[in-house]
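J.: The following comprises the amino acid sequence and a computationally predicted model.
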Amino acid sequence: MLNEKYEIIANELKATFPNSTVLTEEPMKGHTTFRIGGPADIYIDLDFDDITPVIDYLKKTDIPFTVIGNGSNLLVSDDGVEGVVLALGKKAGKIEIADTKVVAQAGALLSTVANVAAEAGLTGLEFASGIPGTLGGAVYMNAGAYGGEIKDVIEAVTVYTPDFKKKILTADDLQLSYRHSLLMEEEGYVTEVVLRLQKGDKAEIKARIEEIKNQRVEKQPLNFPSAGSTFKRPTGYFAGKLIDDAGLRGYSVGDAQVSEKHCGFVINKGNATAHDVLQLMQDVDEKVYEKFGVHLTPEVRIIGRNIH
């Protein structure tokens, strides 16, 4: 049951920010592509104009808050998330085209941004067309696929720092590297991104997007809930191949399973818990290390109470 302090704050947030959706004791399994996760004490689907004032309000309350995007690279504890989960989604997902630049709010789906760019005859973002996360999340982890990374097309990113200062940063400022950004060490958050693309042939761009879509359908277990690639690629190796070569294709803990279609994915076969997934990840890491002397580092972001 929600404690009285959080109940009061939730009611104040609802009254003060009517354009955002404020929910209490909201199950996070409904907000992650893994379909896993206990309740957030308070869950807010943020309107873009409310981002700054809501966070300013929360900082004055000393209530912990966590910023998420589409929940596509996220594993949430079975015990849920303490405090407030701030979701940047459709209400913070405006996209505009300015010549060869795309200006988009952090909650815009990366696939939607790629398709809008394609319609405008802009090339450079085709690699991202099948990535299920938001643009803000893509910057946070420097998302990439099919030979491209988001850092390759960033011109500027609007970020609020932990001390609540607004800054305009470049890819170099963000120290973007393989599945890493400065934001992973510092608790800043992205609100808007300017992407620098190039003019191209619309038909060719759309054909490349369709090609990538077909490759994903063929190679990835899209018919099961997952958080995408579970582990980062170790230097000199591929996580999926190491897992497969260790004999772990189809390995299960409860309803969490190493995908038989692509060993780099852990899937939820129905009722997997975060505990199942974490135990499976630990088992996989130990067995891969035992056989090959290589440790696997999670790519999935893990949040919530009592995470071990």
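T.: Cool, the structure landed. In this text the structure is predicted, and so the values were computed from the model without any measurement.
J.: Surely Arg233 forms part of a helix?
T.: No. Counting by DSSP: H, G, I helix; E, B strand; the rest coil, Arg233 is not found in a helix; it is coil.
J.: residue contacts, it?
T.: Tyr178, Ala239 (C-beta atoms under 8 Å, 6 or more residues apart in numbering). In this view, the C-beta of every residue, glycine as well, is placed from N, C-alpha and C.
J.: count of residues packed around Pro18?
T.: By the criterion of other C-beta atoms under 10 Å, Pro18 has 11 neighbours.
J.: now stretch 160-168, how far from the centre of its chain.
T.: Offset of stretch 160-168 from its chain centre (C-alpha atoms, centre = their mean, to the nearest Å): 21 Å.
J.: I'd like the numbering to begin with 4 instead of 1 from here.
T.: From this message on, residue numbering opens at 4, which makes the last subject stretch 163-171.
J.: residues of it that come out buried?
T.: By neighbour count with 16 or more other C-beta atoms under 10 Å, stretch 163-171 contains the buried residues Tyr163.
J.: pLDDT of that stretch, averaged?
T.: For stretch 163-171, the mean per-residue pLDDT is 82.
J.: Now the terminal residues of that stretch, how far apart.
T.: 9 Å (C-alpha to C-alpha, to the nearest Å).
J.: outside of that stretch, which residues touch it?
T.: 55, 58-59, 62, 159-162, 189-192, 194.
J.: Looking at those residues, which two lie furthest apart in space?
T.: Based on C-beta to C-beta, the longest span within these runs between Lys62 and Ala159 and measures 24.8 Å.
J.: what about these two, which has more around it?
T.: Set Lys62 next to Ala159 and count neighbours by other C-beta under 10 Å: Ala159 wins out with 17 against 13.
J.: Quickly find the element holding the residue nearest to that one when sequence neighbours are not counted.
T.: Take Ala159 and drop its neighbours on the chain: the residue closest to it by C-beta to C-beta, 6 or more residues apart in numbering is Val197, 4.4 Å away. Taking DSSP states H and E as the definition, Val197 sits inside strand 192-199.
J.: That concludes my questions; thank you for your assistance.
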